[in-house]
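[1] Give the three-dimensional model of this entry:
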Amino acid sequence: MKLRFLAVAGSPARLDRIAAGLRHPAAPDLLPLLQRPSLRIWGSSETPHVPLSDDTGLIVGLLFRKVDGQRIETIAPAEQLERTLLDEHWGAYVLLRETGDGHLVLRDPSGAITTYCGACENVHFYASDAAMLQCAWPRPFAPSVDFLRQWLAYPFLRAAMTGDDAITELLPGQRRQAAGPTVALDLAWSPFDHLPPPGPPPSLEQATERLRRAIINCIPRFACPGESVTLQLSGGLDSSIIAGTLAAVGRPFRAITFATRTADGDERRYARLVAEHAGAPLAELVEPDWTPDFERFETGPLRPPPNMMMQPFQRSIALGVLADGTDILIDGGGGDNVLGRISTASPVLDALFQSGAGAAWRTAGELAQLHGCTAWTVLRAALKRARRGRAIPWSADLRFLDRDLNWPAPQPHPWLAPHTGLPHGKADQLAMIVGIRHFLADPAPGMPAAFHPLMAQPLLETCLSLPTWLGMRGGQERAIARRAFRGLLPDAILDRRSKGRFESIFLRNYMASRARLESFLLDGHLARRGLLDARRISAYLRQKGQPRDHDYLRLLEIVPAEQWLRSFGR
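    Numbers count the residues shown, from 1 in each chain. Here you go, the predicted model:
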């Protein structure tokens, strides 16, 4: 299965010329999925799609009915089709439809299929990834200085801006409507419509049942019949929940896990435990010998990669998946964020305003147990969090950047917009959900479809509606999810408090390459543009011994921006 597509909308004569000159190097198996007078859509033979019964458009991806999880093969158009899709269906999809005087595009709330869009010479272009877009886009991509400054100053904020000023990303839940020269953009699905309702909160038992039912009704749908499925199994709670769900409904799958050469990222014993419990074969990959080469890198024109030090992990998984001939790759991506692994004291404030002082004090005690401190420490942190207000701030990180420059304000994101009555904990949770998208890769040529089931619309809606403080019961984060899977996963997985980390990969390779890193950054494009604090970078890299802080991680986050600029040869 593939989740890659290309679409163009405009006058019939222009579309005919584009179709005739379509370049296929990034997609040699590109096939027409829809041919309308003013809308053309292409995908591969492995691209799932749901046609509209009147042939005015189609849905690229998978679509399911909410009431029973039934997969939809075709759908009748309606006056408010988008509303019908969002209220009565869910899936991993993009809707593209010809309208009376133009067209519209809707990206599903989970954001499962990346959707880039741009207009040039009265033609609108849409694609799942840069390589597909290049098949039809009429000019070479050019790096955007505005995007670069945003990317550097606001790590992990993936909003609409991309690396080319003419291309934007349609965000999850957004709808784009074009009619002649007019383009309208709105949020067809909003997370603010699914916040905890007023009135008494649900009991822990009620919340547990709601979440268990949502997960079991949702996750197995991504393991499509007839397709081989591989689960990227870390041994952590999130991917283990997916394994436990697939096992509970009898859906066969294979698992693959990655271990660092040091203990902090070696979770094979947990992955083995889960795989054995689920009756799934497990392939174990170990961190290969690898030396960072800053001059050789893999980056696309629309976004730098998150961190080049992740390449040993990413390449190992990719090679393992391709060797197995997998049709679908799934993982626990976004689980921490959606299920509510909140690291601030904001659940105390939510408990206070939603259920009173008693619930707030209990939550403070549970957070103290979780973090190994006193309840009074938690309450002080909650007071500090309250002073920030209910808004969802995104602070600039100017470490190693030239602070004398006039850095921009963060670009807006509709999920981070001010909202009356937004609970503090939900503000933090939404920021986490937005932030995880920085790490989710676009579809890549040759790779199978990749899904992050814990970010599906039904789970987003369910988890956003549950009070954050219920998720801290017993002094454990994601307590509702742990409780929901008691009996479906080994207790050793549900009760563990540790979490695997890749810090050893980052630190080891940083130490091995920091001499080369200095020249790479300070003799590079970012420095020539005056964006870096050269003196601070040089002083930090020349420190004796290993760093005593985590600022080296920030330096490694800046490296991809330099690599990205060099990919344009300028």
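[2] hey, where'd the strands end up in the stretch 301-450 of the chain?
    328-330, 449-451 (DSSP state E, counting those that start in this stretch).
[3] what are the pairing partners of the first one, and which direction each?
    The strands beside strand 328-330 in its sheet (DSSP bridges) come out as strand 229-232 (parallel), strand 449-451 (parallel).
[4] got the contact list for the residue nearest to residue 423 when sequence neighbours are not counted?
    Nearest non-adjacent residue to residue 423, counting by C-beta to C-beta, 6 or more residues apart in numbering: residue 350, 4.6 Å away. Every C-beta, even on glycine, is put in place using the N, C-alpha and C of the backbone. Neighbouring residues of residue 350 by C-beta atoms under 8 Å, 6 or more residues apart in numbering: 423-426, 467-469.
[5] Take the residues you listed and, keeping just the buried ones, write it as a ChimeraX select command.
    The buried residues among the contacts of residue 350 can be selected in ChimeraX (16 or more other C-beta atoms under 10 Å) with this line:
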select :423,424,425,426,467,468,469
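[6] Outside of the longest helix along the chain itself, list whatever touches it.
    Secondary structure of the chain per DSSP state H: the longest helix is helix 503-522. Defining contact as C-beta under 8 Å, 6+ apart, one finds that helix 503-522 is touched by 260-262, 264-265, 287, 290-292, 294-295, 307, 309-310, 312-313, 527, 532, 534, 537-538, 541-542, 546-547, 552-553, 555-556, 558-559, 562.
[7] give me that answer again for 7 Å
    260, 262, 264-265, 287, 291-292, 294, 309, 312, 527, 532, 534, 537-538, 541, 546, 552-553, 556, 562 (C-beta atoms under 7 Å, 6 or more residues apart in numbering).
[8] C-alpha coordinates for it, PDB please?
    Output of helix 503-522 as PDB, limited to C-alpha atoms (Å, rounded to 0.1, in the frame of the first residue of the first chain):
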ATOM      1  CA  GLU A 503      20.600  10.000  24.000                       C
ATOM      2  CA  SER A 504      23.500   7.600  23.900                       C
ATOM      3  CA  ILE A 505      23.500   7.700  20.000                       C
ATOM      4  CA  PHE A 506      23.300  11.500  20.100                       C
ATOM      5  CA  LEU A 507      26.000  12.000  22.600                       C
ATOM      6  CA  ARG A 508      28.400   9.400  21.200                       C
ATOM      7  CA  ASN A 509      28.200  10.700  17.700                       C
ATOM      8  CA  TYR A 510      28.300  14.300  18.900                       C
ATOM      9  CA  MET A 511      31.600  13.700  20.700                       C
ATOM     10  CA  ALA A 512      33.000  11.800  17.700                       C
ATOM     11  CA  SER A 513      32.200  14.600  15.300                       C
ATOM     12  CA  ARG A 514      32.300  17.900  17.100                       C
ATOM     13  CA  ALA A 515      35.600  19.000  15.600                       C
ATOM     14  CA  ARG A 516      34.100  18.600  12.100                       C
ATOM     15  CA  LEU A 517      30.800  20.100  13.400                       C
ATOM     16  CA  GLU A 518      32.500  23.400  14.100                       C
ATOM     17  CA  SER A 519      33.800  24.000  10.600                       C
ATOM     18  CA  PHE A 520      30.500  22.600   9.100                       C
ATOM     19  CA  LEU A 521      28.400  25.200  10.900                       C
ATOM     20  CA  LEU A 522      30.700  28.200  11.100                       C
END
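[9] what comes up buried for that helix?
    Those would be 504-510, 513-514, 517-518, 520-522, for helix 503-522 by 16+ other C-beta under 10 Å.
[10] Same check on stretch 350-364?
    Residues 350-355, 359-364 are the ones in stretch 350-364 that count as buried (16+ other C-beta under 10 Å).
[11] Pull up the distance across it, start to finish.
    11 Å (C-alpha to C-alpha, to the nearest Å).
[12] pretty sure residue 94 is in a helix, no?
    No - applying DSSP: H, G, I helix; E, B strand; the rest coil, one finds residue 94 to be strand, outside a helix.
[13] Next, find the distance separating it from residue 60.
    5 Å (C-beta to C-beta, to the nearest Å).
[14] Point me to the helix or strand that includes the nearest residue to residue 335 once chain neighbours are set aside.
    Leaving aside its sequence neighbours, residue 335 sits nearest to residue 238 (C-beta to C-beta, 6+ apart; 2.7 Å). Take DSSP states H and E as the rule and residue 238 turns out to sit in helix 237-248.
[15] Give me the residues contacting the next helix-or-strand element following that helix.
    As assigned by DSSP H and E, the chain's next helix or strand after helix 237-248 is strand 254-259. Contact with strand 254-259 is made by 230-235, 243, 265-268, 271, 275, 280-287, 313, 316-317, 320-321, 324, as judged by C-beta under 7 Å, 6+ apart.
[16] In its sheet, which strands sit next to strand 254-259, and in what direction?
    Partner strands and pairing direction for strand 254-259 (DSSP bridges) are strand 229-232 (parallel), strand 282-286 (parallel).
[17] quick revisit: just the buried residues out of the contacts of strand 254-259, in ChimeraX syntax.
    Buried subset of the contacts of strand 254-259, written as a ChimeraX selection, criterion 16+ other C-beta under 10 Å:
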select :230,231,232,233,234,235,243,265,266,267,268,271,275,280,282,283,285,287,313,316,317,320,321,324
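[18] Chain neighbours aside, what residue packs nearest to the residue nearest the centre of the chain?
    The centroid of the chain falls nearest to residue 437 when counting by C-alpha atoms, centre = their mean (2.9 Å). Distances taken as C-beta to C-beta, 6+ apart put residue 158 closest to residue 437, at 4.4 Å, once the chain neighbours are dropped.
[19] before we move on, what about residue 552?
    Using C-beta to C-beta, 6+ apart, the closest residue to residue 552 is residue 510 (5.0 Å).
[20] quick one: terminal-to-terminal distance for stretch 222-237?
    Across stretch 222-237, first to last residue, C-alpha to C-alpha, it's 19 Å.
[21] so can I have a markdown table of the buried residues of stretch 350-364 showing pLDDT and distance to residue 342?
    Formatted as a markdown table, those follow (pLDDT from 0 to 100; distance: C-beta to C-beta, whole Å):
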| residue | pLDDT | distance to residue 342 |
| --- | --- | --- |
| 350 | 96 | 10 |
| 351 | 96 | 12 |
| 352 | 95 | 15 |
| 353 | 93 | 16 |
| 354 | 93 | 15 |
| 355 | 93 | 17 |
| 359 | 94 | 16 |
| 360 | 95 | 15 |
| 361 | 95 | 18 |
| 362 | 96 | 16 |
| 363 | 96 | 11 |
| 364 | 95 | 14 |
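[22] will you turn the residues you listed into TSV that also has distance to residue 569?
    Formatted as TSV, those follow (distance: C-beta to C-beta, whole Å):
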residue	distance to residue 569
350	50
351	55
352	56
353	54
354	55
355	59
359	59
360	57
361	61
362	59
363	54
364	55
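[23] as a whole number, average confidence for the longest helix of the chain?
    Averaging pLDDT along helix 503-522 yields 88.
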